[in-house]
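[1] Pasted the sequence and its predicted model underneath.
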Amino acid sequence: MRAEAINAVTQPTVFVIATGFEGTRAALSAAVPLARGSHARLVLLARQVVPHPLGVDAPVDSTEFIAERYRDLIHELDAEAQVRICRCRYAADVI
């Protein structure tokens, strides 16, 4: 039996959905070894709730701040992960 090469299409992905900061830290602490052990990429989904008067695609100043905060946390855990900011109307929309 021949092992398949892992590439961008076939590589498994471990998703972590950001909740509160400490909850996200705990979830990442569990997900990092899982992703490493399975040679999976790690993706953190963080929500940014956009108020109804604004369009979901309207620029919001805090987007980069949110992403940087989670990148710092990932760095503290000596991990690599992609941070995706999901702009939505309600927190549950991320799921």
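    The structure has been received and is ready for your questions. Computed from a prediction, not measured in an experiment: that's the story for all the values here. Residues are numbered from 1 along each chain as shown.

[2] The lengthiest strand in the chain: which residues count as buried?
    In the chain, taking DSSP state E as the definition, the longest strand is strand 41-49. For strand 41-49, the buried set under the neighbour-count rule, 16 or more other CB atoms under 10 Å, comprises 41, 42, 43, 44, 45, 46, 47, 48. C-beta coordinates here come from the backbone N, C-alpha and C atoms, glycine included.

[3] what's the most distant pair in those residues?
    Greatest spatial distance among the buried residues of strand 41-49 (CB to CB): 41 and 48, at 21.8 Å.

[4] hmm, back to that, list the strands paired with the longest strand of the chain, with their directions.
    Within its sheet, strand 41-49 is paired with strand 13-17 (parallel), strand 82-88 (parallel), according to DSSP bridges.

[5] Name the surrounding residues that touch it.
    Outside strand 41-49, the residues that touch it by CB atoms under 8 Å, 6 or more residues apart in numbering are 11-18, 24, 28, 31-32, 35, 60, 62-63, 66-67, 70, 74, 79-91, 93-94.

[6] which secondary structure elements does the next helix or strand along the chain from it contact?
    Using DSSP states H and E, the helix or strand that follows strand 41-49 in sequence is helix 63-76. If you count contacts as 3 or more CB pairs under 8 Å, 6 or more residues apart in numbering; DSSP states H and E, helix 63-76 packs onto helix 21-37, strand 41-49, strand 82-88.

[7] average pLDDT for stretch 65-85?
    Taken as a whole, stretch 65-85 has a mean pLDDT of 94.

[8] Just the CA atoms of that stretch, as CSV, please.
    The C-alpha coordinates for stretch 65-85 follow below in CSV (Å, rounded to 0.1, in the frame of the first residue of the first chain):
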residue,chain,number,x,y,z
PHE,A,65,-6.6,44.2,16.5
ILE,A,66,-8.6,41.1,17.0
ALA,A,67,-6.5,39.1,14.6
GLU,A,68,-3.3,40.3,16.2
ARG,A,69,-4.5,39.3,19.7
TYR,A,70,-5.1,35.7,18.5
ARG,A,71,-1.8,35.6,16.6
ASP,A,72,0.0,36.5,19.8
LEU,A,73,-1.8,33.8,21.7
ILE,A,74,-0.9,31.2,19.0
HIS,A,75,2.7,32.4,19.2
GLU,A,76,2.7,32.0,23.0
LEU,A,77,1.6,28.3,22.5
ASP,A,78,4.6,27.9,20.0
ALA,A,79,2.2,27.0,17.2
GLU,A,80,1.4,27.9,13.7
ALA,A,81,-2.2,28.7,12.7
GLN,A,82,-4.1,30.8,10.2
VAL,A,83,-6.5,33.3,11.9
ARG,A,84,-9.7,34.0,10.0
ILE,A,85,-11.9,36.8,11.1
